[in-house]
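J.: pasting the sequence and the predicted coordinates here, then a few questions.
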Number of protein chains: 4
Amino acid sequence: MPDDHLGLDWPDTTIANLGPAKIDSPLVKSLPNAGFDRYSEEHCRVLINPYYQPGSEMQTDPPSFERAGPRRKIYFDPAKLKVAIVCCGGMCPGLNNLVRAIVLQLHYLYGVHNIVGVRYGLQGFIPDYGHELVELGPEVVMNVHGRGGSFLGMSRGPQPVEDVVDALERLNIGLLFTIGGDGTLHAAKVIADEITRRGLKTAVVAVPKTIDNDISFVEVSFGFQTAVEAATEAILSAHNEANGAPNGIGLVKLMGRNSGFVAAHATLALTDVNFCLIPELDFDMEGPGGLLQMLQERLEARGHAVIVVAEGAGQKFFTDQERGTDASGNPKLGDIGTYLKETINRYFSEKGITTNLKYIDPSYMIRSRAANSNDRIYTGFLGHHAVHAGMCGKTDMLVSLWNNRYVHVPISMAITRRRTVDPHGGLWRAVQEATGQGSLRNPA
Amino acid sequence: MPDDHLGLDWPDTTIANLGPAKIDSPLVKSLPNAGFDRYSEEHCRVLINPYYQPGSEMQTDPPSFERAGPRRKIYFDPAKLKVAIVCCGGMCPGLNNLVRAIVLQLHYLYGVHNIVGVRYGLQGFIPDYGHELVELGPEVVMNVHGRGGSFLGMSRGPQPVEDVVDALERLNIGLLFTIGGDGTLHAAKVIADEITRRGLKTAVVAVPKTIDNDISFVEVSFGFQTAVEAATEAILSAHNEANGAPNGIGLVKLMGRNSGFVAAHATLALTDVNFCLIPELDFDMEGPGGLLQMLQERLEARGHAVIVVAEGAGQKFFTDQERGTDASGNPKLGDIGTYLKETINRYFSEKGITTNLKYIDPSYMIRSRAANSNDRIYTGFLGHHAVHAGMCGKTDMLVSLWNNRYVHVPISMAITRRRTVDPHGGLWRAVQEATGQGSLRNPA
Amino acid sequence: MPDDHLGLDWPDTTIANLGPAKIDSPLVKSLPNAGFDRYSEEHCRVLINPYYQPGSEMQTDPPSFERAGPRRKIYFDPAKLKVAIVCCGGMCPGLNNLVRAIVLQLHYLYGVHNIVGVRYGLQGFIPDYGHELVELGPEVVMNVHGRGGSFLGMSRGPQPVEDVVDALERLNIGLLFTIGGDGTLHAAKVIADEITRRGLKTAVVAVPKTIDNDISFVEVSFGFQTAVEAATEAILSAHNEANGAPNGIGLVKLMGRNSGFVAAHATLALTDVNFCLIPELDFDMEGPGGLLQMLQERLEARGHAVIVVAEGAGQKFFTDQERGTDASGNPKLGDIGTYLKETINRYFSEKGITTNLKYIDPSYMIRSRAANSNDRIYTGFLGHHAVHAGMCGKTDMLVSLWNNRYVHVPISMAITRRRTVDPHGGLWRAVQEATGQGSLRNPA
Amino acid sequence: MPDDHLGLDWPDTTIANLGPAKIDSPLVKSLPNAGFDRYSEEHCRVLINPYYQPGSEMQTDPPSFERAGPRRKIYFDPAKLKVAIVCCGGMCPGLNNLVRAIVLQLHYLYGVHNIVGVRYGLQGFIPDYGHELVELGPEVVMNVHGRGGSFLGMSRGPQPVEDVVDALERLNIGLLFTIGGDGTLHAAKVIADEITRRGLKTAVVAVPKTIDNDISFVEVSFGFQTAVEAATEAILSAHNEANGAPNGIGLVKLMGRNSGFVAAHATLALTDVNFCLIPELDFDMEGPGGLLQMLQERLEARGHAVIVVAEGAGQKFFTDQERGTDASGNPKLGDIGTYLKETINRYFSEKGITTNLKYIDPSYMIRSRAANSNDRIYTGFLGHHAVHAGMCGKTDMLVSLWNNRYVHVPISMAITRRRTVDPHGGLWRAVQEATGQGSLRNPA
């Protein structure tokens, strides 16, 4: 779904024109097994900003991304290349399909037969964990495309870059595919930098994965649509629960640490939601314009209500102490779902109003679901383009969809900042119209 | 699914032969709009115990249920009859379909056009709650059959029987359909008794509703199969989560306060479950045969594990104080899901073993789901048979399926005790074979 | 779903008391890997007729089936036994689950490790076809339970019994599981007879498979509920098509050569059907009471109509010549779907009435679907009971569900005649009420 | 899914810069019920060609589309405006959602309360058909979003433009929304032209609808993803059928008269397809490189095969006479599905090779399905943007998605020619890699 953002105020679009880095090219071969009569040439680029104002002067050398696709010449010798694939972070629909697409494309199109899967994320590079590598070929991945989850396994958190690159050297990996979100992109960048520092010829190609849909310059992340479909089922349950009891309240917590895309889209898909709370939009709890008063008015008018909250919303209601920090010392999220449940129950209890709140947290059931057909197709293309990019020596970059075209995005651009719901854009406007929730803010 | 129970040791089967009570029959009409050439005669009965041992003597006047079905003569005058329908207790797939079937059968087959829906359970009878009645006719119920939840609303808990019967008198209800579980059956019985005491001519017909499938003399409860299907999706998620992380543990809490039927059946449908814990089977937590040790061995052997626990399992791990009591002073259930999660995490943490436990509680998403086609058909038959029974003046009874035949069961029989999983029967044997979990008990 | 049939007029119920045949028992072992404390004893039987009329005398030695279940003593030596499994006839949801259940039960419970799958039905026994056998073990069947179709393959039609038994001898098969419908049961009986004639010690255990649900003394066939669920989706499409066009007619052909159970149940699940045509009920096309006139009245009243027709309905509209015969010389079915489509279109065209008929034939999409959770569970039990029966030397019998209990049925009983929808029973009564279609017959 | 087409060789892109027509604006009001702080200004446009070649000069006044969105000033007076909505052509998932979105946006955002639905396509304007108009308001459309089909009804074929515009005048319609494909766009253009000729102030806003996804300058049509998901289910059935029989062949006919997008995408989603035949790619039947020989080789190698064919493929195998013409004299499509079935069966029969071909035509089940969540969201945005466009007086245009942004496209551009699968683009390359089908052409 389109983002209304003009893209003009992105701070770092000039970096785009540098293009993705390429490792040195002493060896250049032609694409084997080809039979295609059309390649995507590197000098064809996609404008970052597709908008245009008649009368305004066209920018010279405007920010643009390199177009993705198979190239006439490849860098690596398929017969000698060893490839590694690693999935990091949290689960997301489509992971198995993506790994499958990469393996099949490497195997059948490029003739690369030496492919290993790194188990359980970056942990798989660190010998202490004792995770074995998995040999990957057509027979291993052929039937994984109907399964949710990640057959390679995943894990969160960083590992020492030296150890990872040591492993790449030790295993003689020439091309590494990293599948992951913001943290993984940061890690991939650091790995690529260390590779450069050591003067190695290993390419690092990232495929962006985020069920929150929150990576910049990625129009829509794979698995997102599947997640929204699953989220609507949870909301429908909440709606049924709310309708089935006097003063019924259905409360659904959805994913979205920094960005409320899942919550906003699921709200639009069902139109049974009365309040949609996301990290990007502040809201008041108390007071005449606050959530509690608005909720009470809704109950008085209709007898039931449905609330959808993204996990990163309302973090102002927690102190840093309450939220705690994770292993890396980063602040964790306060549990806004439970907080809302308790706050709402206490509010109505104090008012002597009997309500029936049902709280649903479907996150694991959403993220472990098998990809729908659209996400299967999309992961197929992402995998193919990642392979095309890697085989011709691109590195320190990710494959992405921009203006509905597949492009190469330098990692440093994608990690500049999170992609978020534009409070003034069309998506949020539609959510406001669908819910009629107003600002949920008290007058200043 | 069949229960292996012989039925021979049920304490009260002799009551069956008394048949359901019938209110007095000063007025007896023929079934209108008929056109049927075959009725179910009252003297045809269904044996409670279908087993037989050659050589053993056949019992004279063996325990049996009255067969359900339309009768040649009806008691109520359709033109004058006013009917009420009430749904009580917790949500269950198929409620709307059942109400729809009752209304359409009354309207089209018997010509009863005065039907009201009582909102929010027994509360709807009590004026203080202020819930309006809903007029029910074909146009109201025509399109509810694809929706989950309960469009009439429901509530838990008893209401004073005098007030309920006062309402029946005030509203001039001649036939009351109560849809609910064990508590509702108790209430229906008390209401029927009070009706008798007052000398009223109001019939009370119950349709058993229990997502736990735990009502005696009900072979399978409506909504149960839909619930099992939904439960398998949660277990599949747990399986995917467990497989996707090093030492991954998927823990799913399912419904089942006294009876583990949902947990047992869902375990058999997927065969990805390693431990299935139900209220009927005691298990040890600590010790060489206990859950924790067995779980550790499973993780060491396979790297991941899936646990399914019914909400009523393992209650011995809670003191009465911890469990608390509900509004009526009855003990509540300890939260075994959270308890297991914390106990397992602490156990492995103390052993220095890193595990990744994901806890899924899908209960609201299961119970609010729309009925599958089988439950739609089943609720249709239950509704029709409830109407047939009520229209010919049966009272203080429920419609049920027994030996795969529709029968009338006196309420007093169905509430004698809960139906539970037989630890020595075929269902539990199959679960044991599917999970390989052993007894989970320490040697004495 | 229960059949209202009293069962009393079945011609051959006395044969039941003979019990399934047993092959000689020179070797009797105890069940290995046991750990059960409860077995199903052979002398416990299940009454065929569960009905009872008070006052009537109880029948001495009433017709009954042997109860299924594990026995204390088994006939075959698991270490030496070789087992074969064959699927015959048409596709049906649950086939893979059933094969899986048989293999896992043999392997893990009884310790039988020599199991072969016969490919493509009885063809797989005939060397000329060149189909290789498949070795079956846990690793082969572990992941087939989510797939529709039949991974072993199937085929229709008989093969020479001598060749089949020659193959059994040559392969040294001690226990053969046949999965199939009426034709397969006949074949299994002939094979068992030939085995007896040759004095072999090979047991033949059948599991009844019929998506039409038309085998006698099988309460419900596996895959039937899944098929009904799938059929409702086709009917919903027909309903949407009919509603979307002026004088829209949705026509759906469903399976049901001799018995209209799928059509009848799917009609009840959706309640959008106006005419349900099944083989058991004759109907007129022309005339004041015929389908065409009734359809016209429906269109005039409501502007759209949905017709469901079982493939075996209306065969009187075809001559034997039009229907043709199959390879075995048996008459084939006339294509009633296409016939109805053309007849209806012609009728309205001649009347100058514009209609929009959409014809849907979803049969392949129904029968190749993966089993739902209930059919997964059911095939699990059927598979287990088939293994229990075979391991203790039962032969010439099938496992079945009767009065909601698992039983052994002699093949000769099950093939006496087809199970059909009782025109006077509760199922058809419900269909009539749901459709309001009347008799569709002209007055005599 | 992105089309690789550069868009540079579109013949008529210059027309884009003319922008959509606008009816005269004597009355200009501000958007009521607003509360937005951000509008989409008309002078902001979206480039048609987002590609860029460094070093090449930027085009002055490049072809671009007007950006869609709410405007600060509207043309129509909501209190006086009467709006009509009409759905034309074939069924498509999402129709009801789209009508719902238009009605709710008109009602709640703009305060337009006089909205009528025209039944059964353009027929609804012609009095002779006798179709009544439907008053549309929130209560009518509130619950249609979960239903497939079209509650307004549709019909194919043109109606006399004078009669349609007469009806618009007679009904005093100020704003007409037409929902339909290529034919409907042509009709909308003719209607708009006639409106201009008569000097009326009626705006005509089109929403493109095509399950074939074949309208130019529409990146993806609503309902397409839902259709692809449904198509994959049919292909999975074909796969199961093919695997279940010796030399099994599954043949699926999908929609796609001129464009094979559904077939191509469904092929990519499942990766069980061996041959994908679409209108854009010629193929030979006979000869060493033809389909029959390739199919035989596939069967010899693997024993089964799956073929997907779009309905418009292989039309060269039919004479004009065989294809016939429709009511308007346009050539109809030859039935390629049946032709393939018969040709393949005859081919193998003549070679003495037994095969089992199962032919599946799921079209009605695909097109009448309810929209998935993504298509629900998409139709919501399309409906909103159509209303924004219409309310500020745009006419003779359609709302579309281009470069993932919502835009206004002049109808004359969209009907220049059909959008088709680029035989040299990435989509077809992926299909070729997934199927390995080669060119299916004989050497010249």
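T.: Done, it's in. Numbering: from 1, shown residues only, chains lettered A, B, ... in the order given.
J.: the stretch 151-300 of chain A against chain D: which residues are in contact?
T.: Within the stretch 151-300 of chain A, the positions adjacent to chain D are A:219, A:225, A:228, A:229, A:232, A:265, A:266, A:268, A:269, A:270, A:271 by Cβ under 8 Å from any Cβ of the partner chain. Placement of C-beta: from N, CA and C, glycine included.
J.: same question for stretch A:308-323, mean pLDDT?
T.: Mean per-residue pLDDT for stretch A:308-323: 95.
J.: next, the buried residues of that stretch.
T.: Residues of stretch A:308-323 classed as buried by neighbour count (16 or more other Cβ atoms under 10 Å in any protein chain shown): A:308, A:309, A:310, A:311, A:312, A:313, A:314, A:315, A:318.
J.: and of these, the nearest to residue B:205?
T.: Proximity of the buried residues of stretch A:308-323 to residue B:205 (Cβ to Cβ) peaks at residue A:308, which lies at 40.1 Å.
J.: phi, psi of residue A:178?
T.: Main-chain dihedrals, residue A:178, degrees, to the nearest 10: phi -110, psi 130.
J.: what of residue A:270?
T.: Torsion angles at residue A:270 (phi, psi; degrees, to the nearest 10) stand at phi -110, psi -40.
J.: now for it, how many residues are close by?
T.: 25 (other Cβ atoms under 10 Å in any protein chain shown).
J.: could you list every residue that touches it?
T.: Contacts for residue A:270 (Cβ atoms under 8 Å, 6 or more residues apart in numbering or on different chains) come out as A:232, A:235, A:236, A:239, D:373, D:376.
J.: if I look at it, how far off is residue D:98?
T.: Distance, residue A:270 to residue D:98, using Cβ to Cβ, to the nearest Å: 16 Å.
J.: kindly report the same for residue A:255.
T.: Taking Cβ to Cβ, one finds residue A:255 at 28 Å from residue D:98.
J.: more neighbours: those two, which one.
T.: When residue A:255 is set against residue D:98 and neighbours are counted by other Cβ under 10 Å, the residue ahead is residue D:98, at 29 against 25.
J.: show me what the mean pLDDT comes to for the helix or strand hosting that one.
T.: According to DSSP states H and E, residue D:98 maps onto helix D:95-104. In this model, helix D:95-104 has an average pLDDT of 98.
J.: in its sheet, what does the helix or strand just after it sit against?
T.: Next in sequence after helix D:95-104, counting helices and strands by DSSP H and E, comes strand D:115-118. Looking at strand D:115-118 with DSSP bridges, its partner strands are strand D:83-87 (parallel), strand D:134-135 (antiparallel).
J.: of all the ones you listed, which lies closest to residue D:358?
T.: strand D:83-87 (33.9 Å).
J.: the closest one: how far from the chain's middle?
T.: Taking Cα atoms, centre = their mean, to the nearest Å, one finds the center of strand D:83-87 at 18 Å from the center of the full chain.
J.: what's the answer for stretch A:47-54, then?
T.: 25 Å.
J.: wait, does it contact chain D?
T.: Yes: Stretch A:47-54 is in contact with chain D by Cβ under 8 Å from any Cβ, via A:47, A:50, A:51, A:52, A:53, A:54.
J.: perfect, that will be all.
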